[in-house]
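# return a 3D structure for these sequence lines:
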Amino acid sequence: MRFGIHTGQQDSTYEDLRRVWRLADSSGFHWVSVWDHFYESPYINGESPVFETVSIMTALAAETKNVRVGCLVYSAGYRPPAMLAKAATTMDHISNGRVTLGLGAGWHVDEYKAYGYEFPGVKARLDMVEESIQIIQSLLTQETTTFEGEHFTVREARCLPRPVQAKLPVWIGGRGEKRTLRIAAKYADGWNAAYVSPESFQRKNQVLDQWCDREGRDPATIDRSINVGFYLGADEKRARDMREQFRQSWGAAADAMASGMLIGLPKEAVEQVGRFVEIGATDLNIALRPPFDWDALQAFVEEVMPAFA
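Numbers count the residues shown, from 1 in each chain. The predicted structure is shown next:
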């Protein structure tokens, strides 16, 4: 099992984000990522401070030396694909070849409307993802790119300098089995799902394999990862507090979300992670919400990660 940290950059100082990134970089984690939101998630009232994503991911790339760095995931509705390919290439140079670029359809309707973006239906948003990943993959690998789409168009576009990596990976994030996983099978280097149970993750992996068969793709060529919520406490009292925080954060959705979270003590997390290992998961990212519990993070490093070394 390879472990990562997914840092939602809300309600946090930059110094605390740097501290998390450095902990990950020095503690055996494989991956650190950020998200692409303007408002807090889960949404409350839009009043929480949230750092912008391209700039904070650039800082992440500069602050680390060992972990792969990424975003899970950039919304295709917010960022023109050619510009995103340029940003990813720049960050790849800053990180010396450690960037993974994630794309998704977006869902946070409140921030779409507040920032003046149209929020079309799910088909149109997925069409934007499919056009975006084709443009980005071409810009990252071809000398010039021309693409005429319904949502995005580029003409004889170049992306120079080239990435440091021979192949900068482009991932798709999302849980939709009919369209999202098909896009992943057809174009992506990896796929990520968030907050799903081991059983659901296993089923979606099987669906992705089926789409690979239909697209003539070797399923083994697509990396896969799962994000799980992090509500651990290093001791009994803190574990009770985190259980209550989980309930308050997710409200009516808490029961449905619980199987995609790490909740309780480190020894319980070992059991919870073990269930993902049993169904074949190889990459698991703990999704953090500030304020960060440094004792719980250290307990995860010292008690949970060694169980899967």
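# can you pull out the strands in the stretch 151-300 of the chain?
Listed from the start of the chain, the stretch 151-300 of the chain has strands (DSSP state E, counting those that start in this stretch) covering 153-157, 170-173, 190-194, 223-232, 261-264, 283-288.
# winner for burial among those?
Ranked by average neighbour count under the criterion mean count of other C-beta atoms under 10 Å, these are headed by strand 170-173 at a mean of 26. Where you see a C-beta, it was placed from the backbone N, CA and C, and this is true even at glycine.
# quick one: contacts of stretch 83-97?
54, 57-58, 61-62, 64, 69, 74, 79, 98-99, 101, 132, 135-136, 139-140, 159, 161-165, 168 (C-beta atoms under 8 Å, 6 or more residues apart in numbering).
# let's see which of those end up in strands.
Among those, the residues falling in strands (DSSP state E) are Val69, Tyr74, Val99, Leu101.
# which one, of the strands of the stretch 151-300 of the chain, ends up nearest to Thr13?
strand 283-288 (13.9 Å; C-beta to C-beta).
# and that closest one, which strands flank it?
Under the criterion DSSP bridges, strand 283-288 sits next to strand 2-7 (parallel), strand 223-232 (parallel) in its sheet.
# just to revisit the earlier point, filter the contacts of stretch 83-97 down to the buried ones, PyMOL style.
The PyMOL command for the buried members of the contacts of stretch 83-97 (criterion: 16 or more other C-beta atoms under 10 Å) is given here:
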select buried, resi 54+57+58+61+64+69+74+79+98+99+101+132+135+136+139+140+159+163+164+165+168
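# mind checking which of the contacts of stretch 83-97 land in helices?
Val54, Met57, Thr58, Ala61, Ala62, Ser132, Ile135, Ile136, Leu139, Leu140 (DSSP state H).
# can you name the two of those residues that are farthest apart?
Most distant of the ones in helices among the contacts of stretch 83-97, by C-beta to C-beta, are Ala62 and Ile135, 26.4 Å apart.
# what does stretch 5-19 contact?
Contacts for stretch 5-19 (C-beta under 8 Å, 6+ apart): 20-21, 24, 29, 31-35, 37, 40-41, 48-51, 53, 56, 59-60, 63, 72, 227, 285-292, 294.
# could I have the buried ones of these as ChimeraX selection syntax?
In ChimeraX, this line selects whichever of the contacts of stretch 5-19 come out buried by 16+ other C-beta under 10 Å:
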select :20,21,24,29,31,32,33,34,35,37,40,41,50,51,53,56,59,60,63,72,227,285,286,287,288,289,290,292
